[in-house]
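In: Fold the following.
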Amino acid sequence: MFGAPNSFEEPSTPILLEESSRTLDLLFRLCYPVRDPKISDVGYALQVLDAADKYMMEHAAERMREVLLGLADKEPLRLWAAFYIRRLPEEALVATQLFVTKHLDDYVYELESVDARAYWALIRIIETEKKVGRGEESFKEAFEQRSSPLVGRSPAPGEKISTVTHRLFHRFTKGNMADADVVIRTSDGESFFVDKAILCRWSPVLMKRLAGASSVACSQGLDRREDGEVSGIKVLAVEEDSWVMGRVLRYIYPGENPRLETIDMLGPTLIAAVKYQMQDVVENLARGLLTMTVHPLTLYAVARACRLRTIAMEAARRFLSLERTCVGHVPKGLNLISAGAFYRLRHYHRQCTFAATLVLVDLRWLCVTWDKEGKNEWTWFRCAFCRKRKKTVILQGGTERQPSLWWYKRILQPMAEALNKSPCEESVRRCDARGGSEEWVEDGMCHRCRTGLERTNTSKGRIVSKDLDRFKAMVASRVQRAVGEISVSFDALT
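Out: Residues are numbered from 1 along each chain as shown. Just a heads-up that it's a prediction; the model follows:
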C-alpha cells in the first residue's frame with residue numbers, strides 16, 4: 001500500500017527508524033485518508049501512541065488515546081499505569097474509574113515505572129470505597145504523587161552546621177584546609193575537609209572516585225559541582241546535603257556516633273552509606289532501623305532501597321498486621337520504591353491471607369483431644385447438651401466430628417474474619433470471641449457451658465475457658481507456621 005511506484009527512484013539515503021515495521025504500518029495507516037486499522041492489543045496501541053507522540057503526529061496520537069480508552073475495561077490497571085507514565089490525567093481518570101469498578105488487579109510490568117505513592121493512593125480509593133470523580137482529591141493525589149518523601153533534617157534559616165568538637169576530629173572541619181587532603185562538597189554548598197586515608201578505608205566507591213579525580217582550573221575553586229582537584233586538594237562533589245553527609249562522616253571518624261532518632265534522619269543516612277558501600281556503617285544503622293517505631297511500608301521501602309532483604313522481610317511481616325494497607329496519610333519513603341515493588345508486597349499479603357484462613361478451613365491438623373495422651377476431648381466435641389452443627393468437620397487422621405454450633409459461630413468464624421483482614425498470629429491472639437450470654441444461648445450453648453463462660457470458678461467453666469485458650473494458642477501457632485513458609489518476591493513478576 002505504501003510502496004513507491006516503479007517509476008520513482010528510491011532515495012539514496014534511507015531513513016532509519018527505531019520502531020518496528022508493524023508499529024510504523026499502523027501509524028502510517030492512521031495518517032493516510034483511509035479507514036483506520038483495528039487495534040485490539042494494548043501493547044501495540046501503546047507502541048503506536050509513543051511513536052505518534054515522538055514524531056508529533058497529533059491526529060494519530062489523539063486517535064490512539066481513543067482506542068486505548070476503548071480497551072481500558074479489559075486492562076484498567078495497565079492503562080492507568082500507562083497513562084500515568086505518559087502524564088495523561090484525563091485518560092488516567094477513566095482508567096481509575098474502571099479499575100475501582102472492576103477490581104482487576106493483575107500484575108502489569110508498567111507498574112515498575114510508576115511511583116509507589118501513586119499506586120498507594122489508587123488502592124486507597126478502593127479500600128475507603130470512595131467514588132472517583134474529576135474533582136476527587138484522592139484521584140489527584142494518585143496522579144500528582146502528593147506524599148512525604150524521606151528527607152534529612154533541614155537547617156533553620158541562618159542555622160549553620162556545628163563543627164565536630166571531638167579531639168580526634170581535628171581534620172574534619174569546615175573552612176580549614178590544614179592537614180586535609182580531600183574536600184567533600186555537598187549539594188547545599190557546604191564543604192567538609194577530611195582525610196583521604198579514612199575515606200579510602202571506609203568507602204571503596206569514594207576511593208575509586210578519588211583515584212579518578214582530575215585537575216581543574218583554580219578559578220573554579222570549591223564551587224564546582226563535579227569531582228576534580230583545586231590547589232592540590234581533591235574535591236568530591238556529592239548529591240547529599242550537608243546534614244546527611246555530615247552524619248555519614250561522623251560515623252566513619254573515631255568518636256561518638258550521631259543520634260538518629262527519627263526515620264527522617266536515619267533513612268537518608270543509611271541510603272548514603274549503602275551508596276558509598278560503607279558496610280560497617282550500614283550494619284550499625286540497620287540495627288537502629290529495626291528498633292524504630294515506623295510504618296511497615298516506610299520500613300519496607302527503606303530496606304528495599306538499601307537492598308537489606310532481612311529487614312525488608314521483617315517489614316513485610318509487620319505489614320501483615322495492617323487490616324487496611326492504604327488508609328490515612330501516605331507513608332513516608334514510598335518514593336524509594338516502584339509501584340511494582342508495592343504490588344508484590346500486597347501480593348504477599350494476599351498469599352498470607354489465603355494460607356492463614358486455610359488453617360481454619362482445613363482442620364485435619366486438629367486432633368479430637370487436646371492432650372498427647374488422647375484422654376481429654378475438646379468441649380465442643382464432647383458436650384452432648386449443646387446444639388450441634390449439622391455439618392461435620394474432618395479432623396486429624398480422617399476422624400469426623402459434629403462440633404457444637406457455638407464453637408463454629410463464636411470461635412471459628414470470628415477468627416477467620418480477623419485473619420482475612422490481618423493474616424498474622426497476633427490477629428488470633430487479639431480475637432475475643434466471648435460475647436454476651438444471650439448470643440451464646442441463641443447459638444445453642446447449654447446451661448453448664450454458658451455458666452462456665454460467665455463464672456470461671458466452676459469446674460465446667462474452667463474446662464471451657466481453658467479449651468478456648470488452648471485452641472487459640474494452637475491456631476496462632478499454625479498460622480505463624482503457614483505464613484512463615486511464604487516469602488515476599490523482590491523481583492518483578494512474570
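
In: CA atoms for contacts and neighbours, from now on please.
Out: Fine.

In: where exactly do the strands run in this protein?
Out: With DSSP state E, the ranges of strands along the chain come out as 182-185, 191-194, 228-230, 233-237, 393-394, 400-401.

In: Can you give the strand pairings for the fifth one, parallel or anti for each?
Out: Its sheet considered, strand 393-394 pairs with strand 400-401 (antiparallel) by DSSP bridges.

In: any idea of the pLDDT on Ser138?
Out: Listed pLDDT for Ser138 reads 53.

In: now swap in Glu485 and tell me
Out: For Glu485, the predicted pLDDT is 92.

In: go on, Ser12?
Out: Looking at Ser12, its pLDDT stands at 61.

In: repeat for the one 10 residues further on
Out: The pLDDT attached to Arg22 in the predicted structure is 89.

In: Same check on Gly328?
Out: pLDDT at Gly328 comes out at 76.

In: give the contact list for Leu412.
Out: Counting by Cα atoms under 8 Å, 6 or more residues apart in numbering, Leu412 touches Leu360.

In: The strands of the chain: lowest mean pLDDT?
Out: strand 228-230 (a mean of 66).

In: re earlier: please name whichever of the strands of the chain is nearest to Phe342.
Out: strand 233-237 (32.7 Å; Cα to Cα).

In: returning to that earlier point: same list (the strands of the chain) but as CSV, adding mean neighbour count.
Out: Converted to CSV, the strands of the chain look like this (neighbours: other Cα atoms under 10 Å):
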stretch, mean neighbour count
strand 182-185, 25
strand 191-194, 24
strand 228-230, 22
strand 233-237, 23
strand 393-394, 16
strand 400-401, 16
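
In: right, and those strands - which one's nearest Leu24?
Out: Distance to Leu24, taken as Cα to Cα, is lowest for strand 233-237 among the strands of the chain, at 44.5 Å.

In: Run the chain-centre distance for the closest one.
Out: Computed by Cα atoms, centre = their mean, to the nearest Å, the chain-centroid distance of strand 233-237 equals 37 Å.

In: quick one: strands adjacent to that strand?
Out: strand 182-185 (parallel), strand 228-230 (antiparallel).

In: residues near the residue nearest to Ile123 when sequence neighbours are not counted, how many?
Out: Setting aside the residues directly before and after it, Ile123 is nearest to Cys326 in space (Cα to Cα, 6 or more residues apart in numbering), at 6.4 Å. Here the number of neighbours of Cys326 (other Cα atoms under 10 Å) works out to 20.

In: contacting residues around Cys326?
Out: Residues counted as contacts of Cys326 (Cα under 8 Å, 6+ apart) are 120-121, 123-124, 127.

In: Among those, which one has the most neighbours?
Out: The most crowded member of the contacts of Cys326, judged by other Cα under 10 Å, is Ala121 (27 neighbours).

In: Looking at it now. What's its pLDDT?
Out: We have a pLDDT of 86 for Ala121.

In: which stretches of the stretch 301-450 of the chain aren't confidently modelled?
Out: Along the stretch 301-450 of the chain, the model assigns pLDDT under 70 to residues 433-438.

In: and the strands of the chain as CSV, adding distance to Asp469?
Out: CSV is the format used below for the strands of the chain (distance: least, Cα to Cα, whole Å):
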stretch, distance to Asp469
strand 182-185, 61
strand 191-194, 61
strand 228-230, 69
strand 233-237, 62
strand 393-394, 20
strand 400-401, 20
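
In: can you tell which of those strands is closest to Leu210?
Out: Of all the strands of the chain, it is strand 233-237 that lies closest to Leu210, at 7.0 Å by Cα to Cα.

In: related to what we said a few turns ago, which ones among the contacts of Cys326 map onto helices?
Out: Cross-referencing those against helices under DSSP state H gives 120-121, 123-124, 127.

In: What is the nearest of these to Asp264?
Out: Trp120 (20.1 Å).

In: what's the nearest residue to that closest one if we skip its chain neighbours?
Out: Nearest non-adjacent residue to Trp120 (Cα to Cα, 6+ apart): Cys326, at 6.1 Å.

In: wait, what's in contact with Ala303?
Out: With Cα under 8 Å, 6+ apart, Ala303 has these contacts: 309, 311-312.

In: Grab the most central residue of the protein for me.
Out: For the chain, the residue sitting closest to the mean C-alpha position, by Cα atoms, centre = their mean, is Phe342 at 3.4 Å.

In: pretty sure Val94 contacts Leu69?
Out: Yes: assessed by Cα atoms under 8 Å, Val94 is found in contact with Leu69 at 7.5 Å.

In: which of the two has more neighbours?
Out: Using other Cα under 10 Å as the criterion, Val94 and Leu69 rank with Val94 on top: 20 against 17.

In: Just the pLDDT for the more buried one.
Out: Model confidence at Val94 (pLDDT) stands at 87.

In: Now for it: which residues touch it?
Out: Contacts for Val94 (Cα under 8 Å, 6+ apart) come out as 69, 72.

In: want to try a markdown table for the contacts of Ala303, with distance to Tyr251 and neighbour count as columns?
Out: Shown next, in a markdown table, are the contacts of Ala303 (distance: Cα to Cα, whole Å; neighbours: other Cα atoms under 10 Å):
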| residue | distance to Tyr251 | neighbour count |
| --- | --- | --- |
| Arg309 | 23 | 15 |
| Ile311 | 21 | 20 |
| Ala312 | 23 | 24 |
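
In: which one of the contacts of Cys326 is nearest Lys234?
Out: Closest to Lys234 out of the contacts of Cys326 is Trp120 (43.9 Å), distances taken as Cα to Cα.

In: Pretty sure Trp202 sits against Ala273.
Out: No: taking contacts as Cα under 8 Å, Trp202 lies outside contact range of Ala273: 9.8 Å.

In: who touches both of those two?
Out: In terms of Cα under 8 Å, 6+ apart, Trp202 and Ala273 are both contacted by the residues Gln279.

In: which residues sit in contact with Ala476?
Out: Taking Cα under 8 Å, 6+ apart, we find Ala476 in contact with 424-426, 428-429.

In: how about 6 Å then?
Out: 425, 428 (Cα atoms under 6 Å, 6 or more residues apart in numbering).

In: pLDDT at it, what is it?
Out: pLDDT at Ala476 comes out at 93.

In: Let me see the contact set for Met207.
Out: Cys200.

In: Distance check, Pro414 against Arg478.
Out: Here Pro414 is placed at a distance of 17 Å from Arg478 (Cα to Cα, to the nearest Å).

In: Sorry, wrong one. I was asking about Tyr119.
Out: With distances taken as Cα to Cα, Tyr119 is found 33 Å from Arg478.

In: ok, these two, which is more surrounded?
Out: When Tyr119 and Arg478 are compared for neighbours, Tyr119 comes out ahead with 25 against 18, by other Cα under 10 Å.

In: Grab the nearest non-local neighbour of that one.
Out: Closest to Tyr119 by Cα to Cα, 6+ apart is Ala339, at 5.7 Å.

In: show me the residues around the one you found that make contact.
Out: Counting by Cα under 6 Å, 6+ apart, Ala339 makes contact with 111-112, 114-116, 119.

In: Between those, which sits nearest Ala418?
Out: Comparing the contacts of Ala339 against Ala418 with Cα to Cα picks out Tyr119 as the nearest, at 25.4 Å.

In: I'd guessed Leu321 sits against Leu419; true?
Out: Small correction: residue 321 is Ser, not Leu. No: using Cα atoms under 6 Å as the test, Ser321 is too far from Leu419 to be in contact (9.5 Å).
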